[in-house]
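sequence-free structure coming up:
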């Protein structure tokens, strides 16, 4: 065998060492228990990235060990998440990342505000949810499909009245 032929074989051979790929099962490949737990995500499951599928499968595996309250909370979160548009999901991920990078005193402040919000009566939460949420491009109204009120964890941003015209 010539050097050129050996080189061609190496180039044509699939690389197996050093590659890490996550299994990305389709909805049909999930176990009955996973399907039951992850049911709110069924319509979009096959569109999810492999990393997101693995995250949700991990939740489904831990689900039986959760308390009834934790299970109910997880189900509600999945339903709310599945109601969000892709843009709203990306915005939520960005808010999470920014909250994660806050200094400890700011995290404590946000946590306190969240607790205060949680203690509000449902009518007051609905009233807050109806208000526009300030963001980088100005206020955004929650869509009618969102069942959760706007989170008080969103960072305050400029309002149209406070931004000078260009």
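Okay, I see it. Given the structure is predicted, the values throughout are model-derived calculations rather than measurements.

Quick check: the gap between the residue lying closest to residue 102 once chain neighbours are set aside and residue 62.
For residue 102, ignoring the flanking residues on the chain, the nearest one in space by C-beta to C-beta, 6 or more residues apart in numbering is residue 110 at 6.9 Å. All C-beta atoms are positioned from the backbone trio N, CA, C, and that covers glycine. According to C-beta to C-beta, to the nearest Å, residue 110 and residue 62 sit 26 Å apart.

now swap in residue 41 and tell me
Using C-beta to C-beta, we find residue 41 at a distance of 16 Å from residue 62.

So between those two, which is more surrounded?
Taking other C-beta atoms under 10 Å, residue 41 and residue 62 do not tie; residue 41 has more neighbours (20 against 12).

Look up how far residue 59 lies from the more buried one.
For residue 41, the distance to residue 59 - C-beta to C-beta - is 10 Å.

and if you look at residue 105?
Distance from residue 105 to residue 59, counting by C-beta to C-beta: 31 Å.

Neighbour count for these two, which is higher?
Ranked by neighbour count (other C-beta under 10 Å), residue 105 and residue 59 place residue 59 first, with 16 against 8.

OK, contacts around that one?
By C-beta atoms under 8 Å, 6 or more residues apart in numbering, residue 59 lies in contact with 37, 38, 74.

So it, which state does it fall into?
helix (DSSP: H, G, I helix; E, B strand; the rest coil).

For it, give its distance to residue 127.
If you go by C-beta to C-beta, the gap between residue 59 and residue 127 works out to 32 Å.

got it, and residue 100?
As defined by C-beta to C-beta, residue 100 lies at a distance of 29 Å from residue 127.

One more: residue 102?
In this view, residue 102 and residue 127 are 27 Å apart by C-beta to C-beta.

swap in residue 83?
Distance, residue 83 to residue 127, using C-beta to C-beta: 20 Å.

hey, what's in contact with both of residue 41 and residue 59?
Joint contacts of residue 41 and residue 59 (C-beta under 8 Å, 6+ apart) do not exist.

Quick check: buried residues in stretch 79-91?
By neighbour count on 16 or more other C-beta atoms under 10 Å, the buried set for stretch 79-91 is 81, 82, 84, 88, 91.

Could you tell me the end-to-end distance of it?
Stretch 79-91 stretches 17 Å from its first residue to its last (C-alpha to C-alpha, to the nearest Å).
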